[in-house]
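> Predicted coordinates and the sequence they were generated for:
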Amino acid sequence: MKMQSIFLSLAVLASAVFANAQNADVKDPKAKAILDKLSAKNKSYTSVQATFDYKLQNQADGIDESQSGEILFSGDKYKLNIAGQEIVSDGTTMWTYIADADEVQISDVPDDMEEEDAFMDPSKIFTLYEKGFKYLYEKEETVNGKKVDVIKLFPENPEERSFHTIILKVFSDDLQLHEMTIKAKDGNNFTYLLKTFKPNVPVTANTFVFDETKAGDVIDLR
């Protein structure tokens, strides 16, 4: 599974709601206040380590798949483990290690990522709403006795996106992301449920560099 599919398929739920959003250029002040606080809080961290459950569902096609993953990121650098792959980026180079094949693929991180690709960047997960989205505060829910604010995001230029809605669920008390669902135009729903969240984890210069000696085959695509 490629990084792009993981983060369009790196989560945080139909047509009536979408239609309403398209009829108004909405940037809900209540939603914005929550998102601004969430963004500011996460920007204050030097690094974040998190584990999550990932689910792909498509009711029409009978798809219901789940897996777990772990991510560590600092700035534009990250290390992601999911579906038998380890994806590491130091902001310039990206290594994708495929365990079953015992091979690592090396590629450059594009200098001029298209908007859709930039959205896939794991380091942008807490600030993705800041550009190119409308957002609405939908409701308050209770999860395991804790209040959760539910916010919907809609792309301002939907014709340029492969998805039409993102749903964020944020814990009210500590402003921690709980869940993100991406609803794609092809009927796929990609949900990321945050299980653990640890900020300011110590990292070194080598944390986001893959040791190529771990792989049997090295494929340099640069």
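Nice, thanks for sending it over. Residues are numbered from 1 along each chain as shown.
> Would you map the strands across the chain?
Per DSSP state E, the chain carries strands over the ranges 48-58, 63-74, 77-82, 85-89, 93-98, 103-108, 133-143, 146-155, 163-171, 177-184, 189-199, 217-220.
> Pipe those into a markdown table and attach mean neighbour count per row.
To be clear about C-beta, it is placed using only N, CA and C from the backbone, and glycine gets the same treatment. What follows is these, written out as a markdown table (neighbours: other C-beta atoms under 10 Å):
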| stretch | mean neighbour count |
| --- | --- |
| strand 48-58 | 18 |
| strand 63-74 | 16 |
| strand 77-82 | 20 |
| strand 85-89 | 21 |
| strand 93-98 | 20 |
| strand 103-108 | 16 |
| strand 133-143 | 15 |
| strand 146-155 | 20 |
| strand 163-171 | 21 |
| strand 177-184 | 21 |
| strand 189-199 | 18 |
| strand 217-220 | 12 |
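> now the ones you listed as TSV including distance to D36?
Compiled in TSV, the strands of the chain are given as follows (distance: least, C-beta to C-beta, whole Å):
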stretch	distance to D36
strand 48-58	18
strand 63-74	21
strand 77-82	23
strand 85-89	27
strand 93-98	30
strand 103-108	33
strand 133-143	11
strand 146-155	12
strand 163-171	12
strand 177-184	14
strand 189-199	18
strand 217-220	42
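> export these to JSON lines and tack on mean pLDDT and distance to N206?
Below are the strands of the chain laid out as JSON lines (pLDDT from 0 to 100; distance: least, C-beta to C-beta, whole Å):
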{"stretch": "strand 48-58", "mean pLDDT": "90", "distance to N206": "16"}
{"stretch": "strand 63-74", "mean pLDDT": "90", "distance to N206": "13"}
{"stretch": "strand 77-82", "mean pLDDT": "89", "distance to N206": "11"}
{"stretch": "strand 85-89", "mean pLDDT": "92", "distance to N206": "10"}
{"stretch": "strand 93-98", "mean pLDDT": "94", "distance to N206": "12"}
{"stretch": "strand 103-108", "mean pLDDT": "94", "distance to N206": "16"}
{"stretch": "strand 133-143", "mean pLDDT": "92", "distance to N206": "36"}
{"stretch": "strand 146-155", "mean pLDDT": "93", "distance to N206": "36"}
{"stretch": "strand 163-171", "mean pLDDT": "90", "distance to N206": "33"}
{"stretch": "strand 177-184", "mean pLDDT": "88", "distance to N206": "28"}
{"stretch": "strand 189-199", "mean pLDDT": "90", "distance to N206": "20"}
{"stretch": "strand 217-220", "mean pLDDT": "96", "distance to N206": "18"}
